[in-house]
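In: sequence-free structure coming up:
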């Protein structure tokens, strides 16, 4: 895909103005960094960062049976949501492997929003549209919807300056959302995120995003708020041990082995795609698990690097890995045989032909102070 054929979010000019380095990502030209990954990572941990995540997919389902349709497509229990509540979940295929991980928002009993990963937008949009046929209305709102994430310990200090309505968002509970006017822009704000920090993700009309972006940056400038790119987003989510689709989870992995059993409600009354396969998987001993590890030798684990036992046999694969600024360590996620998954187990990461020492550790690697 050439630069000419890549899509751009409505914040593209703002990114250029801020000096962002733009890279291809999921069909979009997106900012990977502005002032540097470490600088932006630290800004989110100590103040707040502003992320453009408008490349994500937004799908709206409406009608009496909208909730039931979604519940059939995902592993978590959508029926337990009340108005203004959201949940994290997976959508699986009949084999019980993961099509995507999603957040489902219930605006009303007959209106839901589904947010999917940009890389899976076409697949998930078609999947949900087909399921909705003859049952409820389906509307792909991706091209009309911008999404901005404000994340960090000072996120709500910024919102307190963005108008009386925005100031009240601090009262939102985690995974709750509501409509709000922020810096004179009509939005829907959710207390969700992908960084391990507190904050909000803000939906607004596509063309309203530039004004909202500039206002939030200006309101937070003296607090240390900075724009942050995909690079910092990746190191932040890794420290928080949040899975990345295409790396840690995909259509070759199931939620049980990926540590997502907590969003896989096999006991929910309604049937869902992949349920029987997942019941069978859970009834049998797992052969592997996704674990967190620290590289104790001199090396950095990267996606795709083989994992070896102490005899040198290849036994697994690194799915994510990076130096992590907050904890000051090189860490990773990867699939290992269950016999090697206990915390404290030592193994090797094959870093371009060199066996580098590593050890399984408990996760998340980083957890913010409450």
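Out: Nice, I can see it. Only a predicted model underlies this, so the values are computations on that prediction, with no experimental measurement involved.
In: residue 162: what's it in contact with?
Out: The contact partners of residue 162, by C-beta atoms under 8 Å, 6 or more residues apart in numbering, come to 182-183, 215-216, 219. No exception for glycine: its C-beta is placed from N, CA and C like everyone else's.
In: what of residue 10?
Out: The contact partners of residue 10, by C-beta under 8 Å, 6+ apart, come to 54, 146, 206-207, 209-210.
In: show me which of those residues are buried.
Out: 54, 146, 206, 209-210 (16 or more other C-beta atoms under 10 Å).
In: out of those residues, which is nearest to residue 8?
Out: residue 54 (9.5 Å; C-beta to C-beta).
In: what residue of the chain is the furthest out?
Out: Largest separation from the mean C-alpha position in the chain: residue 311, at 35.7 Å (C-alpha atoms, centre = their mean).
In: hang on, the earlier thing: report the two of the buried ones among the contacts of residue 10 separated the most.
Out: Among those, 54 and 210 lie farthest apart (C-beta to C-beta), at 10.7 Å.
In: overlap in contacts of the two?
Out: With C-beta under 8 Å, 6+ apart, residue 54 and residue 210 have common neighbours 10-11.
In: residue 94: what's it in contact with?
Out: 273-274, 277.
In: let me have the contacts of residue 10 in TSV, extended by secondary structure, pLDDT and distance to residue 121.
Out: Output for the contacts of residue 10, formatted as TSV (DSSP: H, G, I helix; E, B strand; the rest coil; pLDDT from 0 to 100; distance: C-beta to C-beta, whole Å):
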residue	secondary structure	pLDDT	distance to residue 121
54	coil	98	12
146	strand	98	15
206	helix	98	15
207	helix	98	20
209	helix	98	18
210	helix	98	22
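In: now those residues as CSV including distance to residue 93?
Out: Shown next, in CSV, are the contacts of residue 10 (distance: C-beta to C-beta, whole Å):
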residue, distance to residue 93
54, 28
146, 30
206, 31
207, 36
209, 34
210, 38
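In: for stretch 322-342, measure first residue to last.
Out: 21 Å (C-alpha to C-alpha, to the nearest Å).
In: do the same with stretch 163-180
Out: With C-alpha to C-alpha, one end of stretch 163-180 sits 10 Å from the other.
In: average pLDDT for it, rounded please.
Out: Averaged over stretch 163-180, pLDDT sits at 98.
In: from the buried ones among the contacts of residue 10, pick the one nearest residue 158.
Out: Looking across these and measuring by C-beta to C-beta, the closest to residue 158 is residue 209, at 16.1 Å.
In: now that closest one, nearest residue through space, not along the chain?
Out: Distances taken as C-beta to C-beta, 6 or more residues apart in numbering put residue 146 closest to residue 209, at 3.5 Å, once the chain neighbours are dropped.
In: hmm, who's touching stretch 318-333?
Out: Against stretch 318-333 from outside (C-beta under 8 Å, 6+ apart): 38, 41-42, 45, 234-235, 238-239, 241, 243-244, 247-248, 290-295, 299-307, 334-335, 349, 358, 361, 365-366.
In: quick check: ChimeraX command selecting the buried ones in the residues you listed.
Out: Buried residues within these, by 16+ other C-beta under 10 Å, are selected in ChimeraX with:
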select :38,41,42,45,234,235,238,239,241,243,244,247,248,290,291,292,293,294,295,299,300,301,303,305,306,307,334,335,349,358,361,365,366
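In: quick check: strands, which of the contacts of stretch 318-333 are part of them?
Out: 290-295, 306-307, 334-335, 349, 358, 361 (DSSP state E).
In: may I see these organised as JSON lines, with pLDDT added?
Out: Converted to JSON lines, those look like this (pLDDT from 0 to 100):
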{"residue": "290", "pLDDT": "98"}
{"residue": "291", "pLDDT": "98"}
{"residue": "292", "pLDDT": "98"}
{"residue": "293", "pLDDT": "98"}
{"residue": "294", "pLDDT": "98"}
{"residue": "295", "pLDDT": "98"}
{"residue": "306", "pLDDT": "98"}
{"residue": "307", "pLDDT": "98"}
{"residue": "334", "pLDDT": "98"}
{"residue": "335", "pLDDT": "98"}
{"residue": "349", "pLDDT": "98"}
{"residue": "358", "pLDDT": "98"}
{"residue": "361", "pLDDT": "98"}
